[in-house]
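**Q** Test case, fold it:
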Amino acid sequence: MTELGDERLRTRTGELSFDRESRIVRFDIDEGVVQTLDDAKENIAATKRFSKGALYPLLCDLTRCKGTDQDARNYYASDDATQAYSAMALLGGRPVARMIGNIFLAVYGNRAKPIRLFGEEREAIQWLTGFAD
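**A** I've put the predicted structure just below:
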């Protein structure tokens, strides 16, 4: 597997980074963002580029996200998008973020890739490390 370093990659709605200790990719969504289909496509393409073709567990921090529109949610659940990670933890501490995560899981949670919603980052990372090489 390709080793990732300390680099970061920004998109319009957030930033990707690699946590070497847990061997997971993080996507931290910016404060107040409402994600659109174009944002979702940019974020998935950026995740694939950032990971250099390897599949890593992905922590998607929704705690500061304001919303994700229907087209973006549909794209995030598509076959193209799920090829960007080995497993995904959605982190949603605030009620709005947890609502976004719960809607996503209710509609798309039975896909081929493991996806779970967490309220605590520590628990999300612990779960994801089970999918890291």
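**Q** And the pLDDT at residue 70?
**A** Looking at residue 70, its pLDDT stands at 89.
**Q** just the helices in this protein please.
**A** Taking DSSP state H as the criterion, the chain carries its helices at 37-50, 70-76, 79-82, 95-108, 121-129.
**Q** of all the ones you listed, which lies closest to residue 57?
**A** helix 121-129 (3.9 Å; Cβ to Cβ). Where you see a C-beta, it was placed from the backbone N, CA and C, and this is true even at glycine.
**Q** got the buried residues for that closest one?
**A** 124-125, 127-128 (16 or more other Cβ atoms under 10 Å).
**Q** can you check stretch 5-14 too?
**A** So, applying 16+ other Cβ under 10 Å, buried residues of stretch 5-14: 9, 11, 13-14.
**Q** before we move on, what about stretch 83-94?
**A** For stretch 83-94, using 16+ other Cβ under 10 Å, the buried residues are 84-92.
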